[in-house]
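K.L.:
sequence below, structure please.
(chains A, B, C, D, E and F)
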There are 4 protein chains.
Amino acid sequence: MDDATPSRPGRRRSEDSRRAILAAAVELVGEHGYGPLTVEKIAARAGTGKQTIYRWWPTKADVVMEALVEKADLHIPVPDDGSLRADLRAFLEASVALGRTPQVVAILRALMAEAQLDEGFGGRFRDGFIESRRSALRTVLERAAGRGELPDGVSVDTLLDVVFGVIWYRVLTDRVMGADAVVDELVTLIAR
Amino acid sequence: MDDATPSRPGRRRSEDSRRAILAAAVELVGEHGYGPLTVEKIAARAGTGKQTIYRWWPTKADVVMEALVEKADLHIPVPDDGSLRADLRAFLEASVALGRTPQVVAILRALMAEAQLDEGFGGRFRDGFIESRRSALRTVLERAAGRGELPDGVSVDTLLDVVFGVIWYRVLTDRVMGADAVVDELVTLIAR
Amino acid sequence: MDDATPSRPGRRRSEDSRRAILAAAVELVGEHGYGPLTVEKIAARAGTGKQTIYRWWPTKADVVMEALVEKADLHIPVPDDGSLRADLRAFLEASVALGRTPQVVAILRALMAEAQLDEGFGGRFRDGFIESRRSALRTVLERAAGRGELPDGVSVDTLLDVVFGVIWYRVLTDRVMGADAVVDELVTLIAR
Amino acid sequence: MDDATPSRPGRRRSEDSRRAILAAAVELVGEHGYGPLTVEKIAARAGTGKQTIYRWWPTKADVVMEALVEKADLHIPVPDDGSLRADLRAFLEASVALGRTPQVVAILRALMAEAQLDEGFGGRFRDGFIESRRSALRTVLERAAGRGELPDGVSVDTLLDVVFGVIWYRVLTDRVMGADAVVDELVTLIAR
DNA sequence: GGCTAAACGAGACGGTACGTCCTGTCTTAAA
DNA sequence: TTTAAGACAGGACGTACCGTCTCGTTTAGCC
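P.N.:
Numbers count the residues shown, from 1 in each chain, chains lettered A, B, ... in the order given. Got it, this is the predicted structure:
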């Protein structure tokens, strides 16, 4: 996708700058949160010009989102242990673990907020993040559906809404996941 | 709180200005969304000074929240029809109806966004809005619990998370409620 | 002109800020010349916001011009000693004295340059500076014309061009006035 | 200087590019004036890279100056008709003719402006342009001095200042030459 | 013909200033 | 004392150019 036109004239995009910008953004969010984050500060910390950021990302939220996506630990593996109970619990445990990292939570909340305020970013956030998370869990649930483990009368899509809905709702209302039995209860509710 | 000291010297707070400010805020959100909303534009549209806004509301989000609360249609009544299926369905139908008013949806999304970015408003939003919605549904569910209609092994609080989680998740990811069978499916999942 | 509408609502223009801005501009030109002068630096030095500068002056050149005009020493008095030789010499000596102040010379050169590059400022510079200088000397020359002291066949306007032409030409080609006999020679040429 | 080392390896300077750059610069000054002229726009219009401009000219003003010098009509011939009146009138008429070409006037104003703002270019402009004009007229005036046609008590250099001073002063204050009797009057004043 | 070297177009880079917009505060005259 | 009006200090925005630096390509002289 990136190398479709491998030989254009002109200097190539600097991978160093790209990495420095993502790293600077993550550091700054970690230090002071997303609110006071500005393109100017990212550029200063990364040692780049502002234009270099504007050239490749439409908004600072896109920078943060790319940094988030690049975090390997986000790639919550799609579990396949043969039973919905086990797979769903594994998926939720991994999500809960992420949700306990304050930096990641701060970024998730900020990005979801930005997605509401900026329609353009909203679309990119859904396509680049929300949907990829749904498709991971959808794989798990469809396998379970094949085994007849899902409740009757509830579509896979609605179950996705239930799982991600609970996670996001608790993140956005500042009630951290995993401090109680919510994982067990969700598994109980869905995997009967 | 507003009429605690009815007889002070000096000019009284202008009810006209207050209404003009709330109306201007609602109009502007309706026209261009919440993102480009500024105190300056509210004041200009309302024909008031900026100071008059800052004097009575901590942030523009509080202005919008007050406008939202003033909409009477928000008062979704707590249904009590003797069965969880009926009560839950009534509650969800009412929510879905609200979620179909684009202006209301725009405001809900904006307020949830602002709650992420401004810690102070986040608290006021949870206390003044989120919790009041939860307590309404909690009444319904606790009645059902008394009748033994709730699934085993799932607390009322988690069921609240499921219902509101699904609603908010769909609102925030721009997938409007009620365009499909989600109400039926939620009732099926929870009220067995 | 400033007090035509003395009673509008709203805060009045701050005379402190105005003075601080003019002073900062003069200082900065004195320290590093006009080239590196920026609105940002003027604002920083003056302790004002940039907007306060942009509110009252169209360009930084207008700021510098106002500072120049405000210098009382610029008000070269219109001499009236009864003879053209004496009046013209007095006018030129005063101009030469000014032209020996490096700060003033730097400002004059910069403003004339800016007048070439920015058509809008060019007009304001002619109206606000060039013409006021011409009218001062025109008074002197017209008195002399009444006494028949001017050369035949040369209009007052052309004599103004000669006097100011020589001064500006020497300033702009970096050949300081007064290092030689140019004052004597101009008097000789014009007042015969 | 350009052909001092005729046989180096490597590609030779492209005459096409050089001409395209000079032409682009002249066109752009003609269209929008010198103020908004940038190296970037010259390169875009000429279809060259920016580097090709920076390789051969120190500043954009030098590009414009080279374009000006290349205009053959600049070579005002040094008249020699035996009388100062005739020679001076011929010189001034030629200058006035140039001063009526709006494009040339625009360039002259721009170069004089740049000479004020950029010390380096100021030197090159004086050496390469101002002085060559002075030396042309100096030849005329020194011939006249030999014939005793110059006013007493006024040096040739001051007379040069008078003639060029008037021309430049009128150009820079946007009062075009030749619309009035200024040529006649200057001849009257100097050649008595 | 192959080799080295310079100039070419294109365009990304770090950096600086721009002029605009908005924030939250302050100051005025009127109500 | 509140109001509308509006100026204030401050700070981020996104843009435009600067002058430099790669790129891959083209054009030359030399072996």
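K.L.:
from here on, contacts and neighbour counts on C-alpha atoms
P.N.:
Will do.
K.L.:
run through who's touching the lowest-mean-pLDDT helix or strand in chain A.
P.N.:
For chain A, using mean pLDDT, DSSP states H and E, the weakest element among its helices and strands is helix A:84-99, scoring a mean of 91. Helix A:84-99 is contacted by residues A:74, A:76-81, A:104-105, A:137, A:140-141, A:144, A:149, A:171, A:176-178, A:183-184, A:187, A:191 when judged by CA atoms under 8 Å, 6 or more residues apart in numbering or on different chains.
K.L.:
mind doing that once more with 6 Å?
P.N.:
Contacts with helix A:84-99, where a contact means CA atoms under 6 Å, 6 or more residues apart in numbering or on different chains, come from A:P79, A:D80, A:D81, A:V105, A:A144, A:M177, A:G178, A:A191.
K.L.:
buried ones among the residues you listed?
P.N.:
Among the contacts of helix A:84-99, those buried by neighbour count (16 or more other CA atoms under 10 Å in any protein chain shown) are A:P79, A:V105, A:A144, A:M177, A:G178, A:A191.
K.L.:
what are the phi and psi values at the residue in chain A that chain D sits nearest to?
P.N.:
Residue nearest to chain D within chain A: A:G10 (10.3 Å; CA to the nearest CA). Backbone torsions of A:G10, given as degrees, to the nearest 10, read phi 100, psi 160.
K.L.:
that one and chain C, how far apart?
P.N.:
According to CA to the nearest CA, to the nearest Å, A:G10 and chain C sit 32 Å apart.
K.L.:
tell me, how many residues neighbour that residue?
P.N.:
Neighbour count of A:G10, defined by other CA atoms under 10 Å in any protein chain shown: 6.
K.L.:
so what's A:G10 up against?
P.N.:
By CA under 6 Å, 6+ apart, no residues touch A:G10.
K.L.:
which residue sits closest to whatever residue of chain A ends up closest to chain C, ignoring its sequence neighbours?
P.N.:
For chain A and chain C, the shortest gap (CA to the nearest CA) falls at A:E40, measuring 16.3 Å. Spatial nearest neighbour of A:E40, chain neighbours left out: A:K50 (6.3 Å); criterion: CA to CA, 6 or more residues apart in numbering or on different chains.
K.L.:
next, the residue positioned nearest the centre of chain A: phi, psi?
P.N.:
Chain A has A:F129 as the residue nearest its centroid, 5.0 Å off, counting by CA atoms, centre = their mean. Reported as degrees, to the nearest 10, the phi and psi values for A:F129 are phi -130, psi -60.
K.L.:
ok, it to chain B distance?
P.N.:
A:F129 is 11 Å from chain B, by CA to the nearest CA.
K.L.:
how many neighbours does the residue nearest to that residue when sequence neighbours are not counted have?
P.N.:
The spatial neighbour of A:F129 that comes closest, neighbours along the chain excluded (CA to CA, 6+ apart), is A:V69 at 7.6 Å. Per other CA under 10 Å, the neighbour tally for A:V69 reads 13.
K.L.:
give me the lowest-pLDDT entry from the contacts of helix A:84-99.
P.N.:
Of all the contacts of helix A:84-99, A:G178 has the smallest pLDDT value, namely 69.
K.L.:
on the three-state scheme, A:R175 is what?
P.N.:
coil (DSSP: H, G, I helix; E, B strand; the rest coil).
K.L.:
please identify the helix or strand for the residue nearest to A:F129.
P.N.:
In this assignment (DSSP states H and E), A:V69 forms part of helix A:60-70.
K.L.:
hmm, that helix touching DNA strand E?
P.N.:
No. Using CA under 7 Å from any atom of the strand, helix A:60-70 never reaches DNA strand E; the gap is at least 13.7 Å.
K.L.:
quick one: mean pLDDT for that helix?
P.N.:
95.
K.L.:
again with stretch A:29-48
P.N.:
Mean predicted confidence for stretch A:29-48 is 96.
K.L.:
give the buried residues for it.
P.N.:
Going by 16+ other CA under 10 Å, stretch A:29-48 has these buried residues: A:V29, A:G33, A:Y34, A:L37, A:V39, A:I42, A:A43, A:R45, A:A46, A:T48.
K.L.:
ok, how many other residues are close to the closest residue to A:F125 other than its chain neighbours?
P.N.:
Distances taken as CA to CA, 6+ apart put A:A115 closest to A:F125, at 6.6 Å, once the chain neighbours are dropped. Look at A:A115: counted by other CA under 10 Å, it has 24 neighbours.
K.L.:
now A:A115: which helix or strand?
P.N.:
Under the assignment here (DSSP H and E), A:A115 is part of helix A:102-117.
K.L.:
who does that helix touch, helix- and strand-wise?
P.N.:
helix B:102-117 (3 or more CA pairs under 6 Å, 6 or more residues apart in numbering or on different chains; DSSP states H and E).
K.L.:
any idea of the angle the helix it packs on forms with helix A:102-117?
P.N.:
150 degrees (axes from the mean of the first three to the mean of the last three CA atoms, to 10 degrees).
K.L.:
next helix or strand past helix B:102-117?
P.N.:
helix B:119-125.
K.L.:
ok, the helix or strand that comes right after that following helix near chain A or not?
P.N.:
Under the assignment DSSP H and E, the closest C-terminal helix or strand after helix B:119-125 is helix B:131-146. No. Helix B:131-146 stays clear of chain A (CA under 6 Å from any CA of the partner chain), getting no nearer than 10.0 Å.
K.L.:
which residues of chain A lie near DNA strand E?
P.N.:
Residues of chain A that fall close to DNA strand E, judged by CA under 7 Å from any atom of the strand: A:8-15, A:17-18, A:44, A:47-52, A:55-56.
K.L.:
the same query, at a cut-off of 6 Å, please.
P.N.:
Contacts of chain A with DNA strand E, taken as CA under 6 Å from any atom of the strand, map to A:9-14, A:17, A:47-52.
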